[in-house]
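Undergrad: sequence and predicted structure below; questions after.
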Amino acid sequence: MSYESKSIKEIVEMIGRNEMYLPAIQRKFVWTPAQIENLFDSIMRGYPIGTFLFWFITGERKNDYTFYKFIQDYHERDKCLNDIAPKPELKDKIIGILDGQQRLSSMYLALQGTYAYKKPYARWNNDNAFPKRKFYLNLLKNPIEEETDGYIYEFSFLTDDEAKFVDKKHLWFLIREVLTWGTDKRKAIVKIDEYKNNLLNNNELPENVKSIVKEEWDRIKIDLETVYERLVKEPLISYYKIEEQELDNILDIFVRVNSGGTILSKSDLLFSTIVANWEEGRQEIEAFLQSINKKGDGFWFDNDFIMRCCLVLTDCPVLFKVKSFKKENIMKINENWEKIKSSISKAVDLLVEFGFNGENLTSQNAVIPVAYHFIKGGDGSEESKRNIRKYIIYTLLKQVFGGQGDSVLSSIREALRNKSEEKQDNYKLKSKTFSFDLLLKDTKLPGTKSLKVTDDDIEEILEYKKGPYTFMVLSLLYPNLRFGQVKFHQDHIHPASLFTDSKLKKFGIPEEKWKRWQELKDRLPNIQLMEGTENESKNKTPFHEWLNNTYPDKDQRDKFIKDNYIPENVSFDFKDFEVFFEKRKEILRKEIRKALK
């Protein structure tokens with residue numbers, strides 16, 4: 001079938017008449033103002049803006065699917081999601097956008113709506129930080145003489161006050177006005193002349209600007225005529241018409257069209273298959289993500305994480321492909337959604353209790369088996385918590401989820417559940433209490449991956465520099481700290497500020513040692529966990545000085561030394577740092593071996 005074409009004006013009007021919608025398989029609107037400005041610059045310059053894929057749905061079949069309206073007034077904080085189209089208002093024949101959603105949404109928003117994004121440096125909770133902006137063209141930027149950042153024409157989203165500002169280089173024209181000029185070119189020319197007269201008769205317009213308008217009018221008129229031609233007259237929207245009515249076939253077309261480029265990620269495509277068969281899926285998942293990402297110091301869970309959870313927790317095949325999200329599996333996810341949310345929330349609450357957040361949780365996949373434990377009725381006893389903590393730290397330190405993540409999740413799930421059950425829906429746990437020893441014994445990971453920690457692993461751990469992995473190791477060595485209640489920092493025992501060239505020279509450290517000491521300062525043997533307020537007070541103070549001032553009582557000082565694995569009978573003076581480092585490394589080697597083996 002050949003392509004058909006319509007003008008941008010026709011498409012905008014069809015959207016306004018509720019004849020065009022976005023199928024649920026489409027992701028949310030994500031284009032920035034800069035991307036929209038770039039699109040209109042391309043339109044003005046006559047560049048190709050790509051083809052579109054339109055899905056024509058007729059009769060009662062349209063009520064089998066979920067559609068969303070185009071956003072007219074976008075608000076970065078309060079209105080960034082599309083509204084669901086109520087079924088009764090759908091016309092007998094509608095068009096769903098399979099390819100070109102971001103471009104069409106941008107055109108509709110620019111030509112019919114507003115874009116409210118946050119002002120730089122303003123606070124998100126400030127309602128005044130998101131002024132409404134409309135789309136304008138600067139008529140005094142000469143496209144022949146100037147090219148700025150790759151643009152020839154200067155488009156911009158502006159507030160009403162910003163659009164009123166004029167000088168010899170700025171005169172803003174509200175682009176949507178051309179849509180009111182009709183389709184008769186002669187009448188449009190009359191409108192352009194009227195616009196000129198209105199400008200020159202405007203008492204508020206500075207005289208020097210009026211002079212520029214008169215001088216530049218021939219060029220300005222050409223620009224206005226070009227805007228009119230591009231948006232109203234020329235059939236720039238070239239689309240391929242799909243009349244297939246079965247959703248499974250439409251999904252196949254959608255995946256084939258989008259998987260070849262970078263329009264959607266694989267995660268977006270898989271997410272699309274869920275929301276296509278689950279009307280409230282998008283809102284439910286996005287609302288839940290917001291809730292768990294706010295826990296503790298904040299996390300960065302995403303659609304990928306939720307979709308993998310859904311597959312693992314409902315005992316579906318874990319393979320992260322479109323075929324895993326077939327209709328019956330999505331129905332199972334829908335039916336168990338409340339249980340899925342509850343189990344994930346419990347798992348994330350434990351992460352907070354263990355001191356994890358978005359910065360130090362190096363693999364979100366590690367959380368999924370914990371949620372599986374809870375959805376299958378596993379308990380949250382203190383013994384389970386200890387074992388869950390050990391499991392999370394082991395898997396993160398061993399980085400078992402890097403590559404072959406689906407296979408690793410399948411293997412761990414298999415180790416957790418009772419194989420004697422015949423029906424998938426009836427899988428039960430081997431143990432109500434989370435047992436890491438059982439997991440260690442029964443998990444058969446793909447390839448050379450292993451949960452077991454070797455002596456070579458421990459030597460590698462001792463070389464870790466301050467970061468997520470040193471936090472994990474130290475959290476095992478400080479099991480009684482209340483991570484969920486108190487903010488703990490990773491503190492340099494000998495302050496990092498002492499390792500500059502000038503300070504090392506001042507302390508009389510031989511220059512040939514500077515580079516090595518600067519390497520060692522961030523490694524695990526020079527790192528301890530400390531309450532945030534205490535760490536801030538310690539700051540740049542030399543260790544021996546801080547220790548004696550903070551703990552003048554010998555018993556308290558000895559307790560601090562023991563609790564923090566500080567070597568005894570060793571000088572704490574900075575000049576003896578290297579000896580201190582090696583002695584503490586010996587202590588940590590023994591303690592890590594006990595904790596991890």
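TA: The structure has been received and is ready for your questions.
Undergrad: wait, what's in contact with residue 363?
TA: Residues near residue 363 by Cβ atoms under 8 Å, 6 or more residues apart in numbering: 395-396, 399, 401-402, 405. Using the backbone N, CA and C atoms, a C-beta is placed for each residue, glycine as well.
Undergrad: out of those, who's the most crowded?
TA: Within the contacts of residue 363, most neighbours by other Cβ atoms under 10 Å means residue 395, with 24 neighbours.
Undergrad: helix or strand for that one, just tell me which one.
TA: Using DSSP states H and E, residue 395 sits within helix 382-398.
Undergrad: tell me the buried residues in the next helix or strand after that helix?
TA: Using DSSP H and E, the next helix or strand after helix 382-398 towards the C-terminus is helix 405-416. For helix 405-416, a neighbour-count test (16 or more other Cβ atoms under 10 Å) marks 405-406, 408-413, 415-416 as buried.
Undergrad: right, and residue 316 touches residue 330 too?
TA: No - using Cβ atoms under 8 Å as the test, residue 316 is too far from residue 330 to be in contact (9.5 Å).
Undergrad: pick the one among the buried residues of helix 405-416 closest to residue 18.
TA: Minimum distance to residue 18 across these is 41.3 Å, recorded for residue 406 (Cβ to Cβ).
Undergrad: sorry, back to before: nearest to residue 498, of the contacts of residue 363?
TA: residue 396 (30.9 Å).
Undergrad: so who does the closest one touch?
TA: Residues near residue 396 by Cβ under 8 Å, 6+ apart: 361-363, 366, 468-469, 472.
Undergrad: please repeat the previous calculation with a cut-off of 10 Å.
TA: Contacts for residue 396 were tallied using Cβ atoms under 10 Å, 6 or more residues apart in numbering; they are 356, 360-363, 365-366, 468-469, 471-472.
Undergrad: higher neighbour count, residue 316 and residue 330?
TA: residue 330 (21 against 18).
Undergrad: relative to residue 451, how far out is that one?
TA: Separation of residue 330 from residue 451 (Cβ to Cβ, to the nearest Å): 32 Å.
Undergrad: again with residue 397
TA: Distance of residue 397 to residue 451, computed by Cβ to Cβ: 10 Å.
Undergrad: okay, the two: which has more neighbours?
TA: Taking residue 397 and residue 451 together and counting by other Cβ under 10 Å, residue 397 has the greater number of neighbours (23 against 20).
Undergrad: elements contacting the lengthiest helix in the chain?
TA: Using DSSP state H, we find that the single longest helix of the chain is helix 207-228. Under the contact definition 3 or more Cβ pairs under 10 Å, 6 or more residues apart in numbering; DSSP states H and E, helix 207-228 sits against helix 33-44, strand 134-138, strand 172-174, helix 185-200.
Undergrad: report the buried residues of it.
TA: Residues of helix 207-228 classed as buried: 209, 212-213, 217, 220-221, 223-228 (neighbour count, 16+ other Cβ under 10 Å).
Undergrad: so can I have TSV of those residues showing pLDDT and distance to residue 347?
TA: Formatted as TSV, the buried residues of helix 207-228 follow (pLDDT from 0 to 100; distance: Cβ to Cβ, whole Å):
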residue	pLDDT	distance to residue 347
209	87	63
212	89	64
213	88	65
217	91	67
220	90	62
221	92	64
223	92	58
224	93	59
225	94	61
226	93	57
227	94	54
228	95	58
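Undergrad: ok, of those, which one's closest to residue 101?
TA: When the buried residues of helix 207-228 are compared against residue 101 (criterion: Cβ to Cβ), the nearest one is residue 227, at 23.7 Å.
Undergrad: after the helix or strand harbouring residue 439, which helix or strand is next? Please name it.
TA: If you go by DSSP H and E, residue 439 is part of helix 436-442. Per DSSP H and E, the first helix or strand lying C-terminal to helix 436-442 is helix 455-462.
Undergrad: what angle do that following helix and helix 382-398 make?
TA: With axes from the mean of the first three to the mean of the last three Cα atoms, to 10 degrees as the basis, helix 455-462 and helix 382-398 are set at 80 degrees to each other.
Undergrad: and the next helix or strand past helix 455-462?
TA: With elements assigned by DSSP H and E, the helix or strand that comes after helix 455-462 is helix 468-477.
Undergrad: and that next one, what does it pack against?
TA: helix 382-398, helix 455-462, strand 488-492, strand 527-531, helix 577-596.
Undergrad: hey, where'd the strands end up in the stretch 51-200 of the chain?
TA: Along the stretch 51-200 of the chain, the stretches classed as strands by DSSP state E, counting those that start in this stretch are 52-58, 67-68, 73-75, 93-99, 114-116, 134-138, 155-158, 172-174.
Undergrad: deepest-packed of those strands, please.
TA: strand 67-68 (a mean of 23; mean count of other Cβ atoms under 10 Å).
Undergrad: what stretches of the stretch 101-250 of the chain score poorly on pLDDT?
TA: 143-150, 244-250 (pLDDT under 70).
Undergrad: buried sites along the helix holding residue 395?
TA: By neighbour count on 16+ other Cβ under 10 Å, the buried set for helix 382-398 is 384, 387-398.
Undergrad: of all those, which comes closest to residue 307?
TA: Distances from residue 307 to those, taken by Cβ to Cβ, are shortest for residue 395, at 19.8 Å.
Undergrad: what is the burial count for the residue nearest to that closest one when sequence neighbours are not counted?
TA: Leaving aside its sequence neighbours, residue 395 sits nearest to residue 366 (Cβ to Cβ, 6 or more residues apart in numbering; 4.8 Å). Here the count is done by other Cβ under 10 Å, and residue 366 has 24 residues near it.
Undergrad: just checking, residue 366 is part of a helix?
TA: Yes - the assignment for residue 366 is a helix, going by DSSP: H, G, I helix; E, B strand; the rest coil.
Undergrad: so what's it up against?
TA: By Cβ under 10 Å, 6+ apart, the contact set of residue 366 is 347, 351, 356, 391-396, 399-401, 408-409, 412.
Undergrad: closest to residue 480 out of the helices and strands packed on helix 207-228?
TA: Among the helices and strands packed on helix 207-228, helix 33-44 comes nearest to residue 480, with 50.8 Å by Cβ to Cβ.
Undergrad: what are the buried residues along that closest one?
TA: Neighbour-count burial for helix 33-44 flags 33, 36-44 (criterion: 16+ other Cβ under 10 Å).
Undergrad: for it, output the C-alpha coordinates as PDB.
TA: C-alpha atoms of helix 33-44 as PDB (Å, rounded to 0.1, in the frame of the first residue of the first chain):
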ATOM      1  CA  PRO A  33      11.400  22.200  24.300                       C
ATOM      2  CA  ALA A  34      14.800  22.100  22.500                       C
ATOM      3  CA  GLN A  35      13.700  19.000  20.500                       C
ATOM      4  CA  ILE A  36      10.400  20.700  19.600                       C
ATOM      5  CA  GLU A  37      12.300  23.800  18.500                       C
ATOM      6  CA  ASN A  38      14.600  21.600  16.400                       C
ATOM      7  CA  LEU A  39      11.600  19.900  14.800                       C
ATOM      8  CA  PHE A  40      10.000  23.200  13.700                       C
ATOM      9  CA  ASP A  41      13.400  24.500  12.400                       C
ATOM     10  CA  SER A  42      13.500  21.400  10.200                       C
ATOM     11  CA  ILE A  43      10.000  22.000   9.000                       C
ATOM     12  CA  MET A  44      10.800  25.600   8.100                       C
END
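Undergrad: what's the angle between that helix and helix 207-228?
TA: Per the same axes, to 10 degrees, the angle that helix 33-44 makes with helix 207-228 is 70 degrees.
Undergrad: which elements pack onto helix 33-44?
TA: Helix 33-44 sits against helix 101-112, strand 134-138, strand 155-158, helix 207-228, with contacts defined as 3+ Cβ pairs under 10 Å, 6+ apart.
Undergrad: nearest to residue 567, of those?
TA: Comparing the helices and strands packed on helix 33-44 by Cβ to Cβ, helix 101-112 comes nearest, at 59.7 Å.
Undergrad: gap between the closest one and the chain center?
TA: Taking Cα atoms, centre = their mean, to the nearest Å, one finds helix 101-112 lying 23 Å from the centre of the chain it belongs to.
Undergrad: ok, back up a step: out of the helices and strands packed on helix 33-44, the one nearest residue 546 is which?
TA: Judged by Cβ to Cβ, the one of the helices and strands packed on helix 33-44 that comes nearest to residue 546 is strand 155-158, at 53.2 Å.
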